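# 3D, please:
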Amino acid sequence: MLSYELIELTSFWSIWYWIVVVVAWSMTAHWTMGVPYDAVINADRHGGVFAEQCETMAYINAQRIVYYFDKHGALIIGVVTFFLSSIGTAGFYFDIEFFQALFVLLTPLALPAIFSVRLAFYLKNRQPVGEELRKILYRRRLWNQVIGMFAIIAATIAGVVHSLAAGLIFQS
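This next block holds a predicted model:
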């Protein structure tokens, strides 16, 4: 088997595409503002050093995000928007399935990124600590999971619609 046969470009029916979708969303739900979920759980259960580490990770990542968006925010937004619109154009205007699948994967992933930037500025301005910070991280994780659930459903629907339009399902 040749290497290019292993990775096919019929993305919506490729097992590799769905593995990437699941891994991307599980990582997005697990790491909220750069803080792994188990760190938040340990901070709640044990307090002390675990709580300090959780807060430190959250504030280090918030400071990094705020720093980069203060310096290069417009450039970052412009590049990401150009990249997503180029992929969308290649996928839907030129009808290339690989780019359609990439667009369906990456566009919803932009939402948790946007909300993380927003949360970083909130943490910088309000500086919540302890249980209040952990509640904020829990809530952000929950919303990341909700967005992920709808994104996976949307990707499934997009795959089925693409297959119906291409005549891959219900061929006579």
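# Spit out the contact partners of the residue most central in space within the chain.
In the chain, the C-alpha nearest the mean C-alpha coordinate belongs to Leu109, at 3.2 Å (Cα atoms, centre = their mean). Counting by Cβ atoms under 8 Å, 6 or more residues apart in numbering, Leu109 touches 24-25, 28, 151. (Each C-beta comes from the backbone N, C-alpha and C, glycine too.)
# Same question for Thr107.
When contacts are counted by Cβ under 8 Å, 6+ apart, Thr107 touches 84, 88.
# how near is it to Arg118?
Thr107 sits 18 Å away from Arg118, going by Cβ to Cβ, to the nearest Å.
# helix, strand or coil for Pro128?
Recorded secondary structure, Pro128: coil (DSSP: H, G, I helix; E, B strand; the rest coil).
# How about it: what's its closest non-neighbour residue?
In space, Pro128 comes closest to Ile136 once its chain neighbours are excluded; the distance is 6.2 Å by Cβ to Cβ, 6 or more residues apart in numbering.
# In terms of pLDDT, where does Glu52 sit?
Glu52 carries a pLDDT score of 96 in this model.
# my bad, should have said Gly73
96.
# burial count for it?
Counted with other Cβ atoms under 10 Å, the neighbours of Gly73 add up to 13.
# Next one: it from Val79, what distance?
As judged by Cβ to Cβ, Gly73 and Val79 stand 11 Å apart.
# now swap in Ala58 and tell me
According to Cβ to Cβ, Ala58 and Val79 sit 26 Å apart.
# higher neighbour count, the two?
Ala58 (26 against 11).
# Might you report the residue contacts of the more buried one?
Counting by Cβ under 8 Å, 6+ apart, Ala58 touches 33-35, 123, 133, 137.
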